[in-house]
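Asks: The following block contains a protein sequence and its predicted model.
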Amino acid sequence: MCPGGAERKPVGPLMSGTFLKPGDDPAARSGLVAMTRKDVEDVERLLRLLAKATDARYPQPSTTAHPWQAVTRESLIVAARQLLRDRERRTQFLPPGMLGEPAWELLLQLYAEQNGARMNIARLTSAVRLPPSTALRWLGYLEGKQLVCKEAHPTDQRSSFIELTAQAIEALDLYFSERIRRTA
């Protein structure tokens, strides 16, 4: 199991009240969320960044989306899968060698498949169409940045599973939430 993660439940304490399951009534939820001192510091830092986000480097959320529109876990994963399909479609028109962002491709694939079958290195490299040496190099980089972690395979000592950390899931949740709100 990844440090900081719990039973493959990707939503941390900061985001736990944000996502609704289909059929959930938002009014029926109690709004209490336990936050550590670090969580409060992270929220404070995020709010400072948002307050300063007035230039073009930090696009403002679209005002066309309703401010109370619920973003579900499923809608985030659908957005990630759509982005993967769009990125794959580019290779029909342009040489694949010029479109490489291996770290982003790995993160996207892991995010899109977080509710599916667990990803080992072979399956992941096949899905993103990367040579194993390139994937291993980038996975090492992502592991150093605490965005992915490896978990030993219970029956095959030559293999390990790759998972996103809670930090990576939270960052991608925020990215896709903003992306959904912008296009709504």
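Replies: Yep, it's here. Numbers count the residues shown, from 1 in each chain.
Asks: Show me the helices in the protein, by range?
Replies: 37-52, 73-90, 102-112, 121-128, 132-144, 166-183 (DSSP state H).
Asks: number of nearby residues for the closest residue in space to residue 132 that isn't next to it in sequence?
Replies: Distances taken as C-beta to C-beta, 6 or more residues apart in numbering place residue 125 nearest to residue 132, at 5.2 Å, with adjacent residues excluded. Heads up, the C-betas are built off the backbone N, CA and C, glycines and all. By other C-beta atoms under 10 Å, 22 other residues sit near residue 125.
Asks: quick one, what contacts residue 125?
Replies: Residues near residue 125 by C-beta atoms under 8 Å, 6 or more residues apart in numbering: 131-132, 135.
Asks: if we can go back for a sec, hey, which of the helices of the chain is tucked in deepest?
Replies: helix 102-112 (a mean of 21; mean count of other C-beta atoms under 10 Å).
Asks: Pretty sure residue 115 sits against residue 76.
Replies: No - applying C-beta atoms under 8 Å as the test, residue 115 and residue 76 come out as separate, 10.5 Å apart.
Asks: Give me the pLDDT for the residue nearest to residue 132.
Replies: Looking at residue 125, its pLDDT is 91.
Asks: residues near the nearest residue to residue 177 once chain neighbours are set aside, how many?
Replies: For residue 177, ignoring the flanking residues on the chain, the nearest one in space by C-beta to C-beta, 6+ apart is residue 71 at 5.0 Å. Using other C-beta under 10 Å, residue 71 has 19 neighbouring residues.
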